[in-house]
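# Let me see the structure of the following:
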Amino acid sequence: MTEDEQYVADHIALWVGAGFYSGEEIEEMILDIAAEGCNIAVLTSLVGPALERKLSEQRSWPEVTDCDRLDRIFDELHEGGICALSNAGYTMSDGHADVAEALAAGPDGHYRGYCFYHGQDVERAVKGHGVMIAFGHVRGDPARDQRIGQAVAAALNDAGFAVEWDGSSKQRINIPGFRWQRRRS
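Sure thing, here's the model as predicted:
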């Protein structure tokens, strides 16, 4: 396997581990990042076995994983007026764009703030380095941003997550002990 092909193979493992993508979606994503000269047939042949390994691993997971708990928290935050998005784009900029789109599509006046994690955060979490949560107020005021962060951190703490956060609007909330186990849908 060439260096470029190994790069794609590593991403296949991350995408499968993320739990957000179907086999077909992963095969499309391969085409997006594969360098010229990569053997696409060999790379796409890695997808099925990787998905099967993940399904096998899932059998030993707890009934409720950290991902399940975070999904519940995000649902509760969403209902409480904080737009909470999972896997929002790939970067912070993408996440903010996804939030802006969700806020525009949401009911008028429902959201006072937002929180999200993006694709790079997912990759970090799949590698065992916890998950980072971005947050802010819909008006972008630092004092209000901080209050949204406090609400998100409190919800995470209430659900049993240990968070690292300096309490400011300038730092994202980190859940360092987060174990990424998202079941394939």
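# which residues of this structure score low on pLDDT?
Scanning the chain for pLDDT under 70 picks out the ranges 185.
# one more time with 50, if that's ok
Across the chain, nothing is flagged by pLDDT under 50.
# Could you pick out the longest strand of it?
The longest strand of the chain (DSSP state E) is strand 131-137.
# That one pairs with which strands?
strand 113-116 (antiparallel), strand 173-175 (antiparallel) (DSSP bridges).
# Kindly state which of those is positioned closest to Ala13.
Comparison of the strands paired with strand 131-137 against Ala13 by C-beta to C-beta identifies strand 173-175 as nearest, at 21.9 Å. (Glycine included, C-beta is placed from N, CA and C.)
# Domains in this protein, by residue range?
Listed domain ranges for the chain are 3-58, 66-175 (source: automatic domain parsing).
# right, and Thr2 touches Val42 too?
No: if you go by C-beta atoms under 8 Å, Thr2 and Val42 don't touch, sitting 10.0 Å apart.
# Only alpha carbons, please: show the longest strand of the chain as PDB.
Extracted as PDB, the C-alpha positions of strand 131-137 are listed here (Å, rounded to 0.1, in the frame of the first residue of the first chain):
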ATOM      1  CA  VAL A 131     -14.500  15.300  22.600                       C
ATOM      2  CA  MET A 132     -14.600  19.100  22.400                       C
ATOM      3  CA  ILE A 133     -17.900  21.100  22.500                       C
ATOM      4  CA  ALA A 134     -18.100  24.600  20.900                       C
ATOM      5  CA  PHE A 135     -20.800  26.900  22.200                       C
ATOM      6  CA  GLY A 136     -22.100  30.400  22.000                       C
ATOM      7  CA  HIS A 137     -25.100  32.800  22.200                       C
END
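# Thanks a lot, catch you later.
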